[in-house]
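Trainee: here is my input, please return the structure:
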Amino acid sequence: MNGAIQMVTQAVTLLVVIGLVLAVVYFFVRDVTQKKHSILRNFPVVGHLRYFFESLGEYFRQYFFLNDREEMPFNRATRGWVYRLAKDEGGIIGFGSTYNIDEAGALIFVNAPYAVLEEDRLPTPPRVIGEGYCRQPFTARSMVNVSAMSFGAISAPAVRALSRGAAEAGCWMDTGEGGLSPYHLEGGCDVIMQMGTAKYGMRDHAGHLSISRIRELAAHDSIRAFEIKLSQGAKPGKGGVLPAAKVTDEIAHIRGIPAHQDSISPNRHPDIANVDQLLDQIMHLRELTGKPVGIKTAVGGRYFAEELCEAVLRRGLDSAPDFLVIDGGEGGSGAAPQALADHVALSISEALPRVVDALLVAGLKDRVSVVASGKLITSAKAAWAISVGADFVNTARGFMFSLGCIQAMRCHMNTCPVGVTTHNPRLQRGLVVEEKYLRVANYATGMNREIDMIAHSCGLRHARELRRHHVRIVQGPGHSEAYSTLFPYPNSERMQYAE
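Mentor: Numbers count the residues shown, from 1 in each chain. Below is the predicted model of the structure:
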């Protein structure tokens, strides 16, 4: 018996060795004859190690080689802060901060010598959007809200958790350009319906804007406002891109497009080619829906905001957008060409004050609410945006982290390992809605609480009293400048916003 087992073992071993030899011979011949990869042609078989280690490099750098403040787009310290906030573990650290306050660009808030006492603090007031200019104005309660992420770009469990968490925290959720799904409505949160360049979810069979569909959408009590997307920070001048692998039958039905084909939006609205056409569309949508209508755009300079303000003053306040979502060039959670993501559109640090100043000069700041977006995932960055002049802050990736995102950088590949941006049921299983919606709510609530905490430290009763002189930007070691010096208020507004 033992002899028979030994013979079988030797035969299996021989077959394995023969198989390995044949495999090596196959790869050797294939590598030296192919013409695509120089490394493999010159170093057959062993050259594959180069590509293997290259593929692992991203993960090794993330977990072993980069320190807590080095990684991009979000470093480990920032992600850890979001995770703790989402788990309601607080933002408490020990033995000092690893944030380098001597590094150019660092934020420093100007603390008051006598902070506001607990009994003197006031709740941060809500802001009513569209009051006096539409039939159903929207009272927005939270300063921090869920930025545009389409169903399709993110999964059904992710949308469900965001909807329920947003309702729990009292913040709004933007649908993104992919249309309204049942999952957006499931939690009962306030929803902002975005109209992208392809009019997904708002189009007829020919792809044109459908009046009947808009009225149907406006009938939902949960939809509180409509948003016309001109562009987004990750890819100004390029429409949305959803790979065919992520265009399921359900997503295709919601968007009104063929299934299992790349979903690529036009790079702009074909029917909006100038500021007057834009304002015409705003007024048309507001009349149809009775609800506030705003704009989302990345900004390349002063021209857009100044031209928009001039047109509103010429046409009348009823033609103005009810809100402006300003997306910085550093924004973006989905698929985007690297050339656009890296090099097109101003960062939010430049874009936001330019837009706010244009509104102040025109006397439109009270008429038009401003929403800032672009890597504003921490309370300090959000408080900076409020100081500059934003009324609200939108974040996508902050809420993605609250859902469990590990920054695997696979959003566009349908292989997200935590189920946030994939439609693979096996991977979606990792995102348990009943658990994650609470983390979404904790993150939103914690952000609002910490923004107020920063304001109280500055001697203010609530966060809406923050102004540019309350924050300083480090220019180099030992030297910082007040933001009101770097971006001074327009002359006509300086007394109103004086220190």
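Trainee: what is the least confident helix or strand in this protein?
Mentor: The helix or strand with the lowest mean pLDDT-type score in the chain, counting by mean pLDDT, DSSP states H and E, is helix 48-60 (a mean of 66).
Trainee: and the closest residue to Leu466 other than its chain neighbours, how many neighbours?
Mentor: Using CB to CB, 6 or more residues apart in numbering and skipping residues adjacent in sequence, the residue nearest Leu466 is Ser387, 4.2 Å away. Where C-beta positions appear, they are placed from N, C-alpha and C, glycine not excepted. Using other CB atoms under 10 Å, Ser387 is surrounded by 24 other residues.
Trainee: how far off centre is the helix or strand encompassing Ser387?
Mentor: In this structure, Ser387 sits in helix 379-388 according to DSSP states H and E. Per CA atoms, centre = their mean, to the nearest Å, the displacement of helix 379-388 from the mean C-alpha position of its chain is 16 Å.
Trainee: for that helix, packing partners?
Mentor: The elements that helix 379-388 packs onto, with contact taken as 3 or more CB pairs under 8 Å, 6 or more residues apart in numbering; DSSP states H and E, are strand 107-109, helix 348-362, strand 392-395, helix 433-457, strand 471-476, helix 483-486.
Trainee: okay, these, which one's buried deepest?
Mentor: strand 392-395 (a mean of 27; mean count of other CB atoms under 10 Å).
Trainee: give the buried residues for the helix or strand hosting Ala305.
Mentor: Assigned by DSSP H and E, Ala305 belongs to helix 303-315. Of the residues in helix 303-315, those buried under the neighbour-count criterion (16 or more other CB atoms under 10 Å) are 304-306, 308-309, 311-312.
Trainee: how many degrees apart are that helix and helix 348-362 in direction?
Mentor: Taking axes from the mean of the first three to the mean of the last three CA atoms, to 10 degrees, one finds that helix 303-315 is oriented at 20 degrees with respect to helix 348-362.
Trainee: just the C-alpha atoms of helix 303-315, please, in CSV.
Mentor: Provided in CSV are the C-alpha atoms of helix 303-315 (Å, rounded to 0.1, in the frame of the first residue of the first chain):
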residue,chain,number,x,y,z
TYR,A,303,-15.5,85.9,-16.0
PHE,A,304,-18.3,83.4,-15.3
ALA,A,305,-19.5,84.9,-12.0
GLU,A,306,-19.2,88.5,-13.2
GLU,A,307,-21.0,87.8,-16.4
LEU,A,308,-23.7,85.9,-14.5
CYS,A,309,-24.2,88.8,-12.0
GLU,A,310,-24.4,91.4,-14.8
ALA,A,311,-27.0,89.4,-16.6
VAL,A,312,-29.1,89.0,-13.4
LEU,A,313,-28.9,92.7,-12.7
ARG,A,314,-30.0,93.5,-16.3
ARG,A,315,-32.9,91.0,-16.3
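Trainee: not counting its neighbours along the chain, what's nearest the residue nearest the centre of the chain?
Mentor: Within the chain, one residue has its C-alpha closest to the average C-alpha position: by CA atoms, centre = their mean, that is Ala396, at 2.9 Å. When the adjacent residues along the chain are set aside, Ala396 lies closest to Ser147, with 3.9 Å between them (CB to CB, 6+ apart).
Trainee: let me see the contact set for the one you found.
Mentor: If you count contacts by CB atoms under 8 Å, 6 or more residues apart in numbering, Ser147 has them with 174, 333, 373, 394-396, 399.
Trainee: so how far is Leu162 from it?
Mentor: 10 Å (CB to CB, to the nearest Å).
Trainee: who touches both of the two?
Mentor: Applying CB under 8 Å, 6+ apart, one finds that Ser147 and Leu162 are jointly contacted by Phe399.
Trainee: the helix holding Ala305 - contacts with which helices or strands?
Mentor: In terms of contacts (3+ CB pairs under 8 Å, 6+ apart), helix 303-315 is packed against helix 275-289, helix 348-362.
Trainee: quick one: which of these is nearest Arg215?
Mentor: helix 275-289 (6.3 Å; CB to CB).
Trainee: dump the helices and strands packed on helix 303-315 into JSON lines; add distance to Ala206 and mean pLDDT as well.
Mentor: Output for these, formatted as JSON lines (distance: least, CB to CB, whole Å; pLDDT from 0 to 100):
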{"stretch": "helix 275-289", "distance to Ala206": "18", "mean pLDDT": "97"}
{"stretch": "helix 348-362", "distance to Ala206": "35", "mean pLDDT": "95"}
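Trainee: and these as a markdown table, adding distance to Lys36?
Mentor: Shown next, in a markdown table, are these (distance: least, CB to CB, whole Å):
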| stretch | distance to Lys36 |
| --- | --- |
| helix 275-289 | 47 |
| helix 348-362 | 41 |
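Trainee: quick one: closest of those helices to Ile154.
Mentor: Ranking the helices and strands packed on helix 303-315 by proximity to Ile154 (CB to CB) places helix 348-362 first, at 22.0 Å.
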